[in-house]
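*Asks:* Here is a sequence with its predicted model. Questions after.
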Amino acid sequence: MQDIDWNDYALETQAIRAGHKRSHEDEHSMPIFTTSSYVFKSAEDAALRFTGQVPGNIYSRFTNPTVNAFQERLALMEKGERCLGFASGMAAIMAVGMGLLKAGDHVVCSRGVFGNTVLLFQNYFGKFGVSTDFVGLTDTAAWAAAIKPNTRFLFLETPSNPLTEIADIAALADIAHAHGCLLIVDNCFCTPALQKPLELGADIIVHSATKYIDGQGRCVGGAVVASEDIIEKAIYPYLRTGGASMSPFNAWVFLSGLETLAVRMKAHCDNAFALARWLEQQPGVAKVHYPGLASHAQHALAQRQQSHFGGIVSFELAGGKAAAWQLIDATRMVSITANLGDVKTTITHPASTTHGRLTPEARAAAGIEDGLVRVSVGLEAIADIKADLLRGLA
Ligand SMILES: *Cc1c(COP(=O)(O)O)cnc(C)c1O
């Protein structure tokens with residue numbers, strides 16, 4: 001098992017088999033290595049490991065066998081050379097910024113990214129002399145126009161939250177590279193089971209493992225996947241020094257999450273597609289946002305770029321905020337929570353929760369209407385999910 005080149009295997013197989021190097025105990029399932037430090041064979045061995053001349057564990061802030069197994073597995077699944085685990089998705093994004101940016105640099109970021117990502121770039125990196133311009137995700141010309149001589153990278157999520165807009169990763173990678181910039185993709189919504197940004201030309205992938213990689217809402221974690229060169233020069237030194245490490249226990253949970261990722265994502269997509277089609281037929285629903293629908297503005301791009309359309313559906317109620325809140329409050333089974341990527345279906349009202357801190361004008365510009373509802377479609381029977389929503393639609 002140790003000698004297999006997992007690059008030759010399919011994603012479903014890598015997800016189950018890769019990364020675990022069986023110990024002298026011959027265990028079948030990956031153990032959790034709860035040790036902060038490791039013992040060196042000699043003073044010379046310690047010195048060589050510290051300089052990196054000899055591989056091996058040093059200290060669990062930056063080397064741990066369970067975390068390593070997760071990193072190796074996710075790197076293979078994303079078709080990247082190397083992956084590093086982090087304490088959360090935000091810690092992974094923070095590491096990319098800390099590793100790559102310096103005072104005076106510039107970032108171009110999609111307006112439609114996770115709210116804390118906006119705050120991180122604007123308020124925190126901004127404090128240290130990094131400026132960020134925000135552009136519409138699907139407006140390729142606006143991305144190109146926003147690039148300056150000091151732009152270091154472009155940052156996006158696709159599909160976007162909550163409107164499921166799709167960015168053309170290959171086109172934006174070409175634009176970034178023509179200007180000497182990197183393209184960073186937050187692949188949280190699709191996961192490698194549906195979309196491989198590095199194959200499309202992106203340079204770095206960030207993940208919130210908290211979502212579909214765990215898949216059952218248990219642990220918070222994140223990851224960065226990139227070339228050996230980027231990881232070794234920019235990200236690993238920051239992880240080692242900054243210390244926002246993934247815990248061995250969380251890595252162990254995420255390893256088993258990855259084992260079922262492909263089957264879960266397929267089931268999430270099937271349920272979401274069925275729900276989106278059904279919602280389109282419901283009176284009171286003004287618009288359904290789902291990349292699988294022919295009515296979606298980037299439907300053709302989604303077909304090309306993703307192997308399936310994802311587990312997130314959002315829709316606008318003609319009755320505005322009152323109708324949206326009524327629908328949410330009439331649910332009995334579906335969980336009212338802003339989290340997503342869980343086997344449990346969750347429902348949220350973006351205008352008053354995830355996007356509630358935006359001004360009404362900024363919300364309107366982002367297309368977040370007061371009647372918008374977002375559902376992260378879980379794996380319960382689709383008939384039960386529909387019945388739960390129908391009560392509030394009636
Ligand atoms: C949740 C989320 C994050 C942040 O991840 P945490 O694990 O909560 O820190 C980043 N990006 C996207 C798209 C997310 O959904």
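*Replies:* Great, that's in hand.
*Asks:* how about low-confidence regions in the protein?
*Replies:* Low-confidence segments of the chain, defined by pLDDT under 70: 1-2.
*Asks:* Quick check, central residue of it?
*Replies:* C188 (1.7 Å; CA atoms, centre = their mean).
*Asks:* That one and the ligand: what is the separation?
*Replies:* Separation of C188 from the ligand (CB to the nearest ligand atom, to the nearest Å) stands at 4 Å. (Glycine included, C-beta is placed from N, CA and C.)
*Asks:* Quick check: residues of the stretch 1-150 of the chain near the ligand?
*Replies:* S88, G89, M90, F114 (CB under 6 Å from any ligand atom).
*Asks:* Need the three-state assignment for the residue nearest to the centre of the chain.
*Replies:* Secondary structure, DSSP: H, G, I helix; E, B strand; the rest coil: C188 is coil.
*Asks:* Would you pull up the residue in the stretch 101-250 of the chain closest to the ligand?
*Replies:* Nearest residue of the stretch 101-250 of the chain to the ligand, counting by CB to the nearest ligand atom: S208, 3.0 Å away.
*Asks:* give me the number of residues near the closest residue to that residue other than its chain neighbours?
*Replies:* Of all residues not flanking S208 in the chain, G89 sits nearest, at 2.6 Å (CB to CB, 6 or more residues apart in numbering). By the criterion of other CB atoms under 10 Å, G89 has 24 neighbours.
*Asks:* What separation do you get for G89 and V96?
*Replies:* 11 Å (CB to CB, to the nearest Å).
*Asks:* Residue of the stretch 251-394 of the chain closest to the ligand, please.
*Replies:* Nearest residue of the stretch 251-394 of the chain to the ligand (CB to the nearest ligand atom) works out as L340 at 6.3 Å.
*Asks:* Return the set of buried residues in stretch 90-108.
*Replies:* 90-101, 105-108 (16 or more other CB atoms under 10 Å).
*Asks:* One more: stretch 20-35?
*Replies:* Of the residues in stretch 20-35, those buried (16+ other CB under 10 Å) are H20, M30, I32, F33.
*Asks:* from these, which is closest to H349?
*Replies:* I32 (38.2 Å; CB to CB).
*Asks:* ranges for the strands of the stretch 101-250 of the chain?
*Replies:* Taking DSSP state E, counting those that start in this stretch as the test, the strands found in the stretch 101-250 of the chain are 106-110, 131-135, 151-157, 182-186, 204-208, 222-226.
*Asks:* quick check: angle from the second one to strand 151-157?
*Replies:* Using axes from the mean of the first three to the mean of the last three CA atoms, to 10 degrees, the inter-axis angle of strand 131-135 relative to strand 151-157 is 40 degrees.
*Asks:* before we move on, the earlier item: mind listing which of the buried residues of stretch 90-108 are in helices?
*Replies:* M90, A91, A92, I93, M94, A95, V96, G97, M98, G99, L100 (DSSP state H).
*Asks:* and D342, what does it touch?
*Replies:* Counting by CB atoms under 8 Å, 6 or more residues apart in numbering, D342 touches K211, G215, Q216, G217, S335, S376, G378.
*Asks:* burial measure for the fourth one, as a count.
*Replies:* Going back to what we said before, that points to G217. 17.
*Asks:* Report the beta-bridge partners for the residue of the stretch 101-250 of the chain closest to the ligand.
*Replies:* Beta bridges link S208 to G222, judged by DSSP bridges.
*Asks:* Distance-wise, check it relative to P248.
*Replies:* Distance of S208 to P248, given as CB to CB: 19 Å.
*Asks:* between those two, who's got more neighbours?
*Replies:* Legend: neighbour count by other CB under 10 Å for S208 and P248, higher for S208 (26 against 23).
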